[in-house]
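Colleague: Only the shape, not the letters, is given here:
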DNA sequence: CAGCATCCGCTACGATACTG
DNA sequence: CAGTATCGTAGCGGATGCTG
């Protein structure tokens, strides 16, 4: 855990505790990628080896060309995956997980692990009293 | 990590490598929370201590009541944060980070750290040749 | 095969007004 | 103070059809 710098002080820990506002929008972008419906799935698939367009479409269940192309492009532009086009008569394009994407997936993996681990716990909370909402009394 | 079943063959780790399809939708929910525009921000703020509704609205810049209430409710229902209402004459409600939310934030923190760390690297890729798109030639 | 273009529904989100 | 209710919008994402 590295703090770029200590910003927050006693009271004004502020919204973004140890996050410089300059990086805020960028962080959002990464977080958005993670929250993306397909990005993580595609990365997960590519983790097991390079794959071509059509194969990806087959491996990622329910994705549309539009989204496949779109997500693929974004991931490529971010350098998370690599795109290699072979100028053959039947065009062949292979996508592979770039080291950068591999690093990201490592962390996302923990997220997935955490999610799986606390699966029941969260479901239990939902079925319960609607969360851990407590009521306290006190006279003003 | 359990496989729901063997999907492909040896090498074909498949779409959801080690993720049982049963958990898939749940994983998505967690990933969605992370990708959420406000959830992480709110958690980050609460990490520095319990806070009331109005304070949260002040600490999280640019959030609307609608979204604050909505996100707060979701996080509470998931048990990521806790809600305590004091039945006083001027109503007072305090939100605090639940242990579950703390655990999640620990991982998200890594994500943020990673993002900050590879900030330049990704930006460089975008300015570059439009990603690591390579062209290979081969005769058919 | 590997895309791009177009249309279109859904819902996430914001702004505003009102209440217990 | 701590919300609820309603409305309007923008962008995500799906379906379909066409191209190099």
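Modeller: Looks like it arrived, so ask away. Given the structure is predicted, the values throughout are model-derived calculations rather than measurements. Numbers count the residues shown, from 1 in each chain, chains lettered A, B, ... in the order given.
Colleague: Residue A:102 contacts residue A:47, correct?
Modeller: Yes: counting by Cβ atoms under 8 Å, residue A:47 is a contact partner of residue A:102 at 7.3 Å. The C-beta positions use only the backbone N, C-alpha and C, and glycine is treated the same way.
Colleague: which one is the closest residue to chain B within chain A nearest to, not counting chain neighbours?
Modeller: Chain B sits closest to residue A:35 of chain A, with a gap of 1.0 Å, by Cβ to the nearest Cβ. Leaving aside its chain neighbours, residue A:35 sits nearest to residue B:35 (1.0 Å; criterion: Cβ to Cβ, 6 or more residues apart in numbering or on different chains).
Colleague: pretty sure the one you found is touching residue A:38, no?
Modeller: No: under the criterion of Cβ under 8 Å, residue B:35 is not in contact with residue A:38, lying 11.8 Å apart.
Colleague: Is there proximity between whichever helix in chain A runs longest and chain B?
Modeller: Longest helix in chain A by number of residues (criterion: DSSP state H): helix A:99-117. Yes: shown here: helix A:99-117 in contact with chain B (Cβ under 8 Å from any Cβ of the partner chain) through A:100, A:103-104, A:107-108, A:110-116.
Colleague: Just the element for the spatially most central residue of chain A, please.
Modeller: Centroid check for chain A by Cα atoms, centre = their mean gives residue A:34 as the closest residue, at 1.5 Å. Using DSSP states H and E, residue A:34 sits in helix A:21-35.
Colleague: Output the contacting helices and strands for the next helix or strand after that helix.
Modeller: Downstream of helix A:21-35, the first helix or strand assigned by DSSP H and E is helix A:39-46. Counting contacts by 3 or more Cβ pairs under 8 Å, 6 or more residues apart in numbering or on different chains; DSSP states H and E, helix A:39-46 packs against helix A:21-35, helix A:53-59, helix A:65-77, strand A:81-87, strand A:92-97, helix A:99-117.
Colleague: got a list of contacts for helix A:39-46?
Modeller: Under the criterion Cβ atoms under 8 Å, 6 or more residues apart in numbering or on different chains, residues A:33-34, A:51, A:56, A:59-60, A:63, A:68, A:71-72, A:74-75, A:80-81, A:95-97, A:101, A:104-105, A:108, B:14-17, B:19, B:31 lie in contact with helix A:39-46.
Colleague: quick one: it to helix A:21-35, angle?
Modeller: Here the directions of helix A:39-46 and helix A:21-35 differ by 60 degrees (axes from the mean of the first three to the mean of the last three Cα atoms, to 10 degrees).
Colleague: Could you pull out the buried residues of helix A:39-46?
Modeller: Within helix A:39-46, the residues that qualify as buried are A:39-46, counting by 16 or more other Cβ atoms under 10 Å in any protein chain shown.
Colleague: any residue of that helix up close to DNA strand C?
Modeller: No: using Cβ under 7 Å from any atom of the strand, helix A:39-46 stays clear of DNA strand C, with a minimum separation of 12.0 Å.
Colleague: That helix and DNA strand D in contact?
Modeller: No: under the criterion of Cβ under 7 Å from any atom of the strand, DNA strand D is not reached by helix A:39-46; the shortest gap measures 8.2 Å.
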